[in-house]
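1. mind looking at a prediction? Sequence and model below.
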Amino acid sequence: MPAPIKYPELQSKEWLHHHYIELEYSLSMIADKLGCDITTVGDGLKRTGVPARSLNDPIVQKQISKFNVGRHVSEYTRRRLREKLSGRKIGPLSDETKAKLSRANRKFTDEEEFSIIRAYKEGNSARIVAGQYGCSFYTVYAILRRRDIPRRRGNWKGGISFLLYSSEFNESRKERVRNRDGRECQMCGMTEKASLGEWKQRLNVHHIDHDKINCDEFNLIALCKHCNSLANFPQDAWMFALMELQLSRFGLLNRDAS
C-alpha cells in the first residue's frame with residue numbers, strides 16, 4: 001500500500017496555479033498555509049510545471065515593497081553605508097576585530113596545511129581544527145578547497161558513501177523489489193512510468209538502514225528519485241519512518257512476540 005502523500009496540494013497543478021498565479025501567493029505564504037518549508041513548495045512548482053516568478057516580476061517587487069514599509073534604518077547604519085560607498089575608512093578597528101582578521105589571514109606552510117588536513121580527515125570538525133591551529137574555520141575550508149579535499153556535510157558517516165555496494169545488490173534483486181512494491185514509489189506514490197517520463201529513469205531501490213551490504217529485501221524499498229534524495233537526510237529519522245512503514249505493510253507492526 002503506497003504511503004500517504006504528505007502535501008497533496010503540491011501535487012496538484014490546479015491548486016498551485018490558483019494560489020500562486022491567480023491569488024498571487026508568495027512561496028512563503030503557501031508554505032505557511034501548508035505547514036512546510038519554502039523549498040518543498042518550490043519542488044512542487046517544478047514538479048507540476050507551474051512557472052516560478054523571477055525577482056524582476058512585478059508581483060515579487062510589490063511583495064518586497066510591502067515587506068520594506070516601515071522598516072527603520074538607524075543613523076549609525078546609514079553612516080556606515082555612506083562611508084562604505086564613498087571608499088573612506090570607517091575608523092580604527094577594535095583589538096577583537098584585529099585578532100579575528102589576523103587569525104583569518106594567517107598563512108601556513110605546506111607541512112602545516114597537511115597537518116590540518118590530516119586532523120580534519122581524522123573526523124574533527126573544521127571549528128575544532130581551527131581552534132587547534134589558531135585560525136578561523138574559513139581558513140580550514142580554504143585549505144581544503146585549495147588542496148582538492150572534499151568537505152564533509154552534516155550527513156557524513158565516516159566516508160561510507162565511498163563503499164561499494166554488495167554483489168547481491170544486482171539488477172535481478174532490484175527488479176524483485178520494484179515488482180513487490182507495485183512499480184510505485186512507496187513515499188509519494190509516483191509510478192515507474194511517471195518516473196521514466198520525469199527523470200528518464202526507473203524507480204530507485206533504497207537501503208532503509210543505509211548499509212550497502214545489507215541487501216535483505218525487507219531492508220530495500222522502491223522510491224522515486226525525489227523521495228530517494230529526501231530519505232538521505234536526516235538519515236536516522238527516515239530510517240525509522242521507512243522501517244515502520246515496512247513493518248506495517250508486511251503486517252508485522254505491533255505483532256506479539258511469539
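-> Received the coordinates, thanks.
2. could you pull out the strands for this structure?
-> Along the chain, the segments classed as strands by DSSP state E run 204-207, 220-223.
3. give me the nearest residue to residue 243, chain neighbours excluded.
-> Nearest residue to residue 243, sequence neighbours excluded (C-beta to C-beta, 6 or more residues apart in numbering): residue 208, at 5.7 Å. (Each C-beta comes from the backbone N, C-alpha and C, glycine too.)
4. also residue 176?
-> Closest residue in space to residue 176, ignoring its immediate chain neighbours: residue 217 at 6.7 Å, by C-beta to C-beta, 6+ apart.
5. residues contacting that neighbour?
-> 173, 176-177, 180 (C-beta atoms under 8 Å, 6 or more residues apart in numbering).
6. who wins on neighbours among those residues?
-> The residue in those with the most neighbours, by other C-beta atoms under 10 Å, is residue 177 (19 neighbours).
7. gap between that residue and residue 195?
-> From residue 177 over to residue 195 the distance is 14 Å, taken as C-beta to C-beta, to the nearest Å.
8. sorry, back to before: got the contacts of residue 217 as a markdown table, with pLDDT and distance to residue 232 columns?
-> A markdown table is the format used below for the contacts of residue 217 (pLDDT from 0 to 100; distance: C-beta to C-beta, whole Å):
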| residue | pLDDT | distance to residue 232 |
| --- | --- | --- |
| 173 | 94 | 20 |
| 176 | 95 | 23 |
| 177 | 95 | 18 |
| 180 | 95 | 22 |
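9. from those residues, which single one is nearest residue 251?
-> residue 180 (14.2 Å; C-beta to C-beta).
10. please report how far that closest one lies from residue 205.
-> Look at residue 180 and residue 205: by C-beta to C-beta, they are 10 Å apart.
11. please apply the same query to residue 39.
-> 25 Å.
12. show me which of these two is the more surrounded one.
-> Between residue 39 and residue 205, counting by other C-beta under 10 Å, residue 205 is the more crowded of the two (21 against 10).
13. so what's residue 242 up against?
-> Counting by C-beta under 8 Å, 6+ apart, residue 242 makes contact with 186, 206, 208, 221, 231.
14. and the second one, what is it in contact with?
-> The reference is to residue 206. Contacts of residue 206 by C-beta under 8 Å, 6+ apart are 220-223, 228, 231, 242.
15. residues touching the residue nearest to it when sequence neighbours are not counted, list them.
-> Nearest non-adjacent residue to residue 206, counting by C-beta to C-beta, 6+ apart: residue 223, 4.7 Å away. Residues in contact with residue 223, defined by C-beta under 8 Å, 6+ apart, are 185-187, 203-206, 231.
16. so which residues of this protein form helices?
-> 13-16, 27-34, 38-48, 58-68, 75-86, 95-104, 110-121, 126-133, 137-146, 171-180, 192-199, 225-230, 235-249 (DSSP state H).
17. contacts for the first one next, please.
-> By that I understand helix 13-16. Contacts for helix 13-16 (C-beta under 8 Å, 6+ apart): 9-10, 30, 44-45, 48-50.
18. many thanks, I have nothing further to ask.
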